[in-house]
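Enquirer: From the sequence below, what's the structure:
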Amino acid sequence: MKIVILKFQPYDQAISSYNEALRIVDNNSKLWSDIISNLADVHRKKGNYNEARELYLKSLKQAESLYGPNHPSIADIMNNLGILYKKEGKYAEALDYLKQALKFSKHYYGQQHPTIGIYLTNVGDIYRK
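Expert: Okay, the predicted model is just below:
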């Protein structure tokens, strides 16, 4: 039991810190969206997939309202949603989000950016399943 507690303690500390930051930060800001996305990452890593999905979708909605549809921040969130769905074994949903992330990133960065390689690898991982 002690090992499990030690393993999750840093994640719990991260969650606590992010929640405290959310109480301070303007909820209409880019920083709020980033914190929500980071909080979702922690929940995903802990296996709290429903909580992670809810937070990613909140972050996505905020980012879309701040940046419009074709921004790299939106692609990052969609990529993370794709990874989440992959972990859940929901490959069709994962592929949908990953392809959208790839499309937005190509639009923003062009074809020859390292981010494109990362997203293509994530898409390839789905097809490999």
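Enquirer: contacts, neighbours, all on C-alpha from now
Expert: Noted.
Enquirer: so which helix or strand takes in the residue nearest the centre of the chain?
Expert: Closest to where the C-alpha atoms of the chain average out (CA atoms, centre = their mean) is residue 80, at 3.2 Å. With elements taken from DSSP states H and E, the one containing residue 80 is helix 72-87.
Enquirer: Quick check: buried residues in that helix?
Expert: Under the neighbour-count criterion of 16 or more other CA atoms under 10 Å, helix 72-87 has 72-86 buried.
Enquirer: now the closest residue in space to residue 73 that isn't next to it in sequence: how far from residue 100?
Expert: When the adjacent residues along the chain are set aside, residue 73 lies closest to residue 63, with 6.9 Å between them (CA to CA, 6 or more residues apart in numbering). Between residue 63 and residue 100 the distance, using CA to CA, to the nearest Å, works out to 15 Å.
Enquirer: out of those two, which sits in the more crowded spot?
Expert: When residue 63 is set against residue 100 and neighbours are counted by other CA atoms under 10 Å, the residue ahead is residue 63, at 25 against 18.
Enquirer: Just the pLDDT at the more buried one, thanks.
Expert: Reading off the confidence values, residue 63 has pLDDT 95.
Enquirer: do the same with residue 104
Expert: pLDDT for residue 104: 91.
Enquirer: Touching, it and residue 77? I think so.
Expert: No: counting by CA atoms under 8 Å, residue 104 does not reach residue 77; the two are 11.2 Å apart.
Enquirer: And the contacts of stretch 60-75?
Expert: Applying CA atoms under 8 Å, 6 or more residues apart in numbering, the external contacts of stretch 60-75 come out as 28-30, 33, 77-78, 100-102, 104-105, 107-108.
Enquirer: mind running it again at 10 Å?
Expert: With contacts defined as CA atoms under 10 Å, 6 or more residues apart in numbering, stretch 60-75 is touched by 27-34, 36-37, 54-59, 76-81, 97-109, 115, 119.
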